[in-house]
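J.: Quick check, what structure comes out for this input:
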Amino acid sequence: MAQWFAISARRHSRRAPLRLRACVGFAAIAVLVATAAHTAFAAKLSVVTTIAPLAMIVQDLGGDHVTASSLVSGASSVHTYEPSPSDLVRIAGADLLVSIGGELDGWLDKLLVGKKPGAIVVRLLEDGVTPTASHDPHVWLDPLWVRDRALASLVRALSAIDPPTEPQYAASARRISDGLTDLDEDIRAILVGTAGRGFLAFHPAWSWFAARFDLHPVGAVEESGGTEPSAGALAALLDAAREAKIRAILVEPQMDPRLARTVASEIGADVVLVDPLGDLASSDRGRYRDLMLFNAYAFARALIAGAPPAE
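T.: Here you go, the predicted structure:
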């Protein structure tokens, strides 16, 4: 436990609040720069998303008609994101801006002062969708939620900006829908034998994944992004993990793993990497299907002794 307190002190010293007002001053310059840049690529719609999985889905949906990028990707955390001037340039040049909405990436709203006139903003959780998996906003980790709820919203937005291409967007959505059905079945095959088993994650990002694939979240080391547990909460978590015979703690590349490793050492568990956000530049987590299969294999390793490695 003393090791945990030492880690807690070090990590608190490097936590930084979201700084938005300083970047808003760049908005006017960003609009001018982005307008000039956008002219050279007027044949494609510019789509900026808050997180990489949304950019992956939009790029697949739009194909050669769009260029999609995300504000948060790789090792960055959506919970501690701070905009850069280049981010504001991208926002200013975007035809479509896509977020999950709510507390996960609500910081986007403060950056929209610099958006291009006529740009469409889509907040998926406000487009007729209400979270039900313990109010967890990580809805994209359920492939059937993407199929049944997100695709329609994205097709409507793209078609509103680019009406002549609407038939192609609709056709892509049908293809992607079939692929998401197959993905759901593939994940179930990977997770055979895990039904009802408990898992311990670094932070509670996996309620939708767990609900879809019949898994049981025992708890999380950090109950909200960037908020460390108290000594009492940590002790209770350790007891729950031992009772559930947790074999591995799921850590994420966007979070400092040291506290999770300390917890794993306390209960004699392994540490397994999962990734809720992915990385557009990654060879194994740069597309939505690849990202979800990566996580399925990671859960299988965490829950089943001798599970196959990721392919």
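J.: contacting residues around A236?
T.: By C-beta atoms under 8 Å, 6 or more residues apart in numbering, A236 lies in contact with nothing. (Each C-beta comes from the backbone N, C-alpha and C, glycine too.)
J.: Specify the next element, helix or strand, located C-terminal of the strand or helix carrying it.
T.: Counting by DSSP states H and E, the element that carries A236 is helix 231-243. Moving toward the C-terminus from helix 231-243, the next helix or strand (DSSP H and E) is strand 248-251.
J.: Contacts for that next one, please.
T.: Strand 248-251 is contacted from outside by 199-202, 206, 221, 241, 257, 260-261, 263-264, 269-274, 298-299, 301-303, using C-beta under 8 Å, 6+ apart.
J.: List only buried entries from those.
T.: Neighbour counting by 16 or more other C-beta atoms under 10 Å classes 199-202, 206, 221, 241, 257, 260-261, 263-264, 269, 271-272, 274, 298-299, 301-303 among those as buried.
J.: mind listing what E103 touches?
T.: Here E103 is in contact with P137 (C-beta under 8 Å, 6+ apart).
J.: low-confidence ranges in this structure?
T.: 1-42, 128-134, 224-226, 305-311 (pLDDT under 70).
J.: And it, split by domain according to the record?
T.: 17-174, 188-303 (automatic domain parsing).
J.: List the buried residues of the helix holding A236.
T.: Applying 16+ other C-beta under 10 Å to helix 231-243 flags L234, L237, L238, A241 as buried.
J.: how about the CA coordinates for that helix, as PDB?
T.: Output of helix 231-243 as PDB, limited to C-alpha atoms (Å, rounded to 0.1, in the frame of the first residue of the first chain):
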ATOM      1  CA  ALA A 231      -7.000   4.100   0.300                       C
ATOM      2  CA  GLY A 232     -10.300   2.700   1.500                       C
ATOM      3  CA  ALA A 233     -11.700   2.300  -2.000                       C
ATOM      4  CA  LEU A 234      -8.500   0.600  -3.100                       C
ATOM      5  CA  ALA A 235      -8.700  -1.800  -0.200                       C
ATOM      6  CA  ALA A 236     -12.300  -2.700  -1.100                       C
ATOM      7  CA  LEU A 237     -11.300  -3.200  -4.700                       C
ATOM      8  CA  LEU A 238      -8.500  -5.600  -3.700                       C
ATOM      9  CA  ASP A 239     -10.900  -7.600  -1.600                       C
ATOM     10  CA  ALA A 240     -13.500  -7.800  -4.500                       C
ATOM     11  CA  ALA A 241     -10.700  -8.800  -7.000                       C
ATOM     12  CA  ARG A 242      -9.500 -11.600  -4.700                       C
ATOM     13  CA  GLU A 243     -13.100 -12.900  -4.200                       C
END
